[in-house]
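> need coordinates for the below:
(chains A and B)
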Amino acid sequence: MSGNTPVENAMREKLKASLNPSHLEIINESYMHNVPKGAETHFKVVVVSDQFDNKPLLQRHRLVNKILDHELKNGVHALSINAKTPSQWQDSDRSVSPSPECRGGFGK
Amino acid sequence: MVKNKKVVVFMKGIPEEPRCGFSNAVVQILKMHGVHFDAHNVLESDELRNGVKDYSSWPTIPQVFINGEFVGGCDIIIQMHKNGDLIEELKKVGITSALLEKELNNQKNSKNH
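Numbers count the residues shown, from 1 in each chain, chains lettered A, B, ... in the order given. Here you go, the predicted structure:
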């Protein structure tokens, strides 16, 4: 699998174990920011799970934040979350829009 | 602090000069709706930055509060903007979104013609 991406791997394992997602993407967007090459600081996750059924967006995000609590407290600085139920994912265009451009605030 | 104004934003940088793309997105959306909000720059104080994260149990910045209630971060505000929920939430606290006003005016005008 992927090379030296311990944080991404840990995030993937945790989300898989907790949410049993039917679709999961973890996109490392750190390169868009003012951080060293290969850094694992800024991520976007796309997670599709039936565990989001009947949960408002805020709760879905809270759930994902909780699962990734350790990572968020230890180096992961930005986490963009796209949390959908399987039927919402079916109905969507399944595209993922990129996060906004960095404006230099990291580490300042 | 979160109740000083109907809409309060904790962000990186100031509305005129956001220092983070996510904070900027939130500011631009609120401006589009014509919302006057209080903004707090968490880059100025670690205490503030950590304090607001603890307060809302939310790990990232920006954070938006409406009527003292934590509403969400950037992803959620974008989503609410897209699906119309933001207009509804603002309405609940007595703020008429500029986007809604514009739409109503358009409707009025088209009736007059």
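
> quick check: longest helix of the chain.
Assuming you mean chain A. helix A:6-19 (DSSP state H).

> right idea, wrong chain: chain B
For chain B, the helix with the greatest residue count under DSSP H is helix B:98-112.

> list the buried residues in that helix.
Within helix B:98-112, the residues that count as buried by 16 or more other Cβ atoms under 10 Å in any protein chain shown are B:99-100. Where C-beta positions appear, they are placed from N, C-alpha and C, glycine not excepted.

> check which helices and strands it is in contact with.
helix B:85-92 (3 or more Cβ pairs under 8 Å, 6 or more residues apart in numbering or on different chains; DSSP states H and E).

> now do the helix it packs on against helix B:98-112, angle only.
90 degrees (axes from the mean of the first three to the mean of the last three Cα atoms, to 10 degrees).

> list the buried residues in helix B:85-92.
Result for helix B:85-92 [16+ other Cβ under 10 Å]: buried residues B:85-87, B:89-90.

> what does stretch A:81-95 give?
Buried residues in stretch A:81-95, counted by 16+ other Cβ under 10 Å: A:81-85, A:89.

> using CSV, list the CA coordinates for that stretch.
C-alpha atoms of stretch A:81-95 as CSV (Å, rounded to 0.1, in the frame of the first residue of the first chain):
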residue,chain,number,x,y,z
ILE,A,81,-15.3,16.2,6.1
ASN,A,82,-17.7,15.0,3.5
ALA,A,83,-20.0,12.6,5.4
LYS,A,84,-22.9,11.0,3.4
THR,A,85,-25.3,8.1,3.7
PRO,A,86,-25.2,5.5,1.0
SER,A,87,-28.3,6.8,-0.6
GLN,A,88,-27.1,10.4,-0.5
TRP,A,89,-23.9,9.2,-2.2
GLN,A,90,-25.8,7.4,-4.9
ASP,A,91,-27.8,10.6,-5.6
SER,A,92,-24.7,12.8,-5.6
ASP,A,93,-22.4,13.4,-8.5
ARG,A,94,-19.7,11.7,-6.4
SER,A,95,-17.3,14.5,-7.1
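
> is it in proximity to chain B?
Yes - Stretch A:81-95 is in contact with chain B by Cβ under 8 Å from any Cβ of the partner chain, via A:81-82.

> contacts for that stretch, please.
Contacts with stretch A:81-95, where a contact means Cβ atoms under 8 Å, 6 or more residues apart in numbering or on different chains, come from A:22-23, A:44-50, A:52-53, A:57, A:60-61, A:63-65, A:96, B:75.
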